[in-house]
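**Q** Predicted model and sequence follow; I will ask about them next.
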Amino acid sequence: MTSIFLLSMILAGAIAAMCLISGVSSRRSEELLRRQNVLLDAALNNMTQGLNMFDSAGRLVVSNEHYVAMYGLAAADVKPGASVRDLVELRLAAGTFFKTDPEQYAHELMTSIVERKPTRVTRELADGRFITVVNQPMPGGGWVVTHEDVSERWRAERELESTRHFLDTVVENVPAAIVVVIPVLMARTMSIQGIVQAQSGPAWNWFVFQPVLFIGPVPIPIPIIGALAFTFYLIAGLAEVNRTPFDHVEADSELTGGFTTEYSGMQFSLFFLAEYANAIALGLLGSALFLGGYHTGLGDAFDNLIWPLLPGVIITKAAVLFLVFVWVRGTLPRFRYDQLMQFAWKRMLPISLVLLSLSALFASLSSLLGPIIRLAPGVR
């Protein structure tokens, strides 16, 4: 009887010890789980991005406070179990949905999820903010969506892009416009035909060799105006067609080069055909403005003798200029933006203004200096 009583006491003590150990272990597990939940909640709510996590059925599992605050929603409305369309309707009611069709947005999102493709898109809200939305499928089903407000970065990039475009326009157009005026002053006409006719006769009448000093009947070209103006025209032409070393808009030597990576086939060839067509057009215009156009430079008598071949003369000159464009592209490295600005503002612009002033001075004094120095037959 005593042995049975002792055995019962031992069993009762063991059971009590097991219950005590189990209770302590359970409390420890609950405490550990509570701490993990606190850490997870702190991590989610301290993110700089809004986050939603959905299960494989398309139901919301968890959402952080930043997402709720970003779209002006009530925390009680964004609760687990909500669907994508529920969240879209909440944002529509709050007036913080994207500037796009809600049905189309939901359809595109669900399509990307079904196809298990990660997506990244930046959209504009009705209040002018820009949000980058990244959808990332999870291996076990479901997906994670992050929402990041990139308004400041987007506006800064737009301002930088507009500033670059403005600076490129200044670099291309201002010096080019100034040097194009120089042949107009030399020929005293804005007609291309008149400018070409002003360069008829010997080669020293071409505007690229102006001014010309005459010692008796002997001409001595001093191309301080014409050669520099023609050089600046070529430089501005390179910038205008976005060719090296001014190919900052579409730099095809970079890993990502705009249309060089976004298009292929005929679309890709059309971009390059347009670029080369611009280069050929600039070659034809430069030939007419500075290189005598269709005149051979061997005298009017020779030009009249081979007049059926004169169109080939200007085509040949344009081809030579196009060859220069190709040669420069394969030779010079690209400028940095600061180097481009310094070159444009500190060198090209002041020198082109000086050339314009000298051209105007020689043109106005042509009647006095004609026997000694002149620009071309157009201002004799």
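**A** That came through, no problem.

**Q** from here on, contacts and neighbour counts on C-alpha atoms
**A** Will do.

**Q** show me what contacts the closest residue in space to residue 204 that isn't next to it in sequence?
**A** Excluding its sequence neighbours, the residue lying closest to residue 204 (CA to CA, 6 or more residues apart in numbering) is residue 221, at 6.5 Å. When contacts are counted by CA atoms under 8 Å, 6 or more residues apart in numbering, residue 221 touches 204, 209, 210, 211, 212, 213.

**Q** Redo those residues as JSON lines? Include neighbour count, secondary structure and pLDDT.
**A** Below are these laid out as JSON lines (neighbours: other CA atoms under 10 Å; DSSP: H, G, I helix; E, B strand; the rest coil; pLDDT from 0 to 100):
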{"residue": "204", "neighbour count": "24", "secondary structure": "helix", "pLDDT": "84"}
{"residue": "209", "neighbour count": "23", "secondary structure": "helix", "pLDDT": "87"}
{"residue": "210", "neighbour count": "27", "secondary structure": "coil", "pLDDT": "83"}
{"residue": "211", "neighbour count": "26", "secondary structure": "coil", "pLDDT": "81"}
{"residue": "212", "neighbour count": "23", "secondary structure": "strand", "pLDDT": "79"}
{"residue": "213", "neighbour count": "20", "secondary structure": "strand", "pLDDT": "77"}
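
**Q** how about CSV for those, with distance to residue 124 added?
**A** Shown next, in CSV, are the contacts of residue 221 (distance: CA to CA, whole Å):
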residue, distance to residue 124
204, 61
209, 56
210, 57
211, 58
212, 62
213, 65
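
**Q** from the residues you listed, which is closest to residue 267?
**A** residue 209 (41.8 Å; CA to CA).

**Q** where's that closest one relative to residue 73, distance?
**A** 73 Å (CA to CA, to the nearest Å).

**Q** now swap in residue 336 and tell me
**A** From residue 336 to residue 73 the distance is 46 Å (CA to CA).

**Q** next one: residue 282
**A** According to CA to CA, residue 282 and residue 73 sit 58 Å apart.

**Q** Touching, residue 118 and residue 138? I think so.
**A** No: contact between residue 118 and residue 138 fails when scored by CA atoms under 8 Å: they sit 9.7 Å apart.

**Q** domain parsing for the protein?
**A** Domain segmentation of the chain under automatic domain parsing yields 47-149, 160-379.

**Q** Please identify the most buried of those domains.
**A** Ranked by mean neighbour count under mean count of other CA atoms under 10 Å, these are led by domain 160-379, which reaches a mean of 18.

**Q** remind me which residues of the stretch 251-380 of the chain are low pLDDT?
**A** Along the stretch 251-380 of the chain, segments meeting pLDDT under 70 span 251-262, 366-380.
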